[in-house]
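Asker: kindly return the folded structure for what I paste below:
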Amino acid sequence: MLRLVRVGYGHPDAVRLVEEVQQEYVVRYGSPDVTPLDPLMFEPPTGSFFVGYRDAPDGTSEAVATGAWRRVDLPVLGVSRTAELKRMYVSPRAQRAGHARTVLAALEADAAAYGAEAMVLETGVRQPEAIALYRSAGYVAVPDFGHYAGEALSRCYGRLLDPALAAAAPPDARTA
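Answerer: Prediction:
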C-alpha cells in the first residue's frame, strides 16, 4: 500500500526522488528536464506536491514515489481551469505495484478539490510506460504547450476531471 503525504517541493524525500527521475531523463533523453519550476507553484491552492511512502519489511517507511500538479489555466478540452501534472515518478524498486495509478488518482482528486476542471501533462516518446498509463486513464492528445512545445520527442495529453473527484482528495491532515 502507498501512503501519500503532501510535502513542500524542498522536502528531503522529494528532492531525492526528483534527482532520481532527473537521472532517468538523462538516460532516456541525454539531459535532465529543464522546465522552469518555482517551488511556490506546488503550494495550495495553486498546486501540491506529494511523496508516496510504502512500508518496508523492517517496519520503516520508504519514500518511493512523487507526483505534483500546478495551476496553468490553459484552454483545453473545452475548459480553462486546468492543472498540469508534474514530477510523476515511481522508483524502479517500487514499480509494477499500482503506485503510479494511486499517485495519478490522488493528484487528479486534489487538483479537482482546488477547482481544476482538467489535468494536462507533457511526457516524452521515450517513456512508453508513462504514455500507456495516461492513455489507459483516459488521457487524450492535446495541443503542445509548455517548455517543450514543438519538440519532436514531446507529447502532450489531457483529461477532463470529474467534479466528484474532489471528495476523494487527500486530506490536508497528511501534510508533513
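
Asker: can you list contacts of the helix or strand hosting residue 156?
Answerer: Residue 156 belongs to strand 154-160 when assigned by DSSP states H and E. Residues outside strand 154-160 that contact it (C-beta atoms under 8 Å, 6 or more residues apart in numbering): 76-79, 82, 108, 117-125, 131, 134-135, 137-146, 148-149. In short, each C-beta sits where N, CA and C put it, glycine included.

Asker: do you have the strands of the protein handy? List them.
Answerer: Remark: strands assigned in the chain by DSSP state E are 2-7, 47-55, 61-71, 82-90, 118-124, 140-141, 154-160.

Asker: show me which of these has the highest average neighbour count.
Answerer: Neighbour counts (mean count of other C-beta atoms under 10 Å) averaged over each of the strands of the chain peak at strand 82-90, with a mean of 25.

Asker: rewinding a little: partners of the strand holding residue 156 in the sheet?
Answerer: In the sheet, strand 154-160 lines up against strand 118-124 (antiparallel), strand 140-141 (antiparallel) (DSSP bridges).

Asker: rewinding a little: what's the closest of the strands of the chain to residue 28?
Answerer: In terms of C-beta to C-beta, the element of the strands of the chain nearest to residue 28 is strand 118-124, at 7.0 Å.

Asker: residues touching residue 72, list them.
Answerer: Listed by C-beta under 8 Å, 6+ apart, the contact set of residue 72 reads 82, 83, 84, 120, 145, 146.

Asker: from the residues you listed, pick the one nearest residue 33.
Answerer: So of these, ranked by how close each gets to residue 33 (C-beta to C-beta), first place is residue 146, at 10.7 Å.

Asker: where's the closest one relative to residue 56, distance?
Answerer: Distance of residue 146 to residue 56, given as C-beta to C-beta, to the nearest Å: 36 Å.

Asker: the two: who's more crowded?
Answerer: Taking other C-beta atoms under 10 Å, residue 146 and residue 56 do not tie; residue 146 has more neighbours (17 against 10).

Asker: for the residue lying closest to the more buried one once chain neighbours are set aside, list each beta-bridge partner.
Answerer: For residue 146, ignoring the flanking residues on the chain, the nearest one in space by C-beta to C-beta, 6 or more residues apart in numbering is residue 122 at 5.3 Å. Beta-bridge partners for residue 122, by DSSP bridges, are residue 156.
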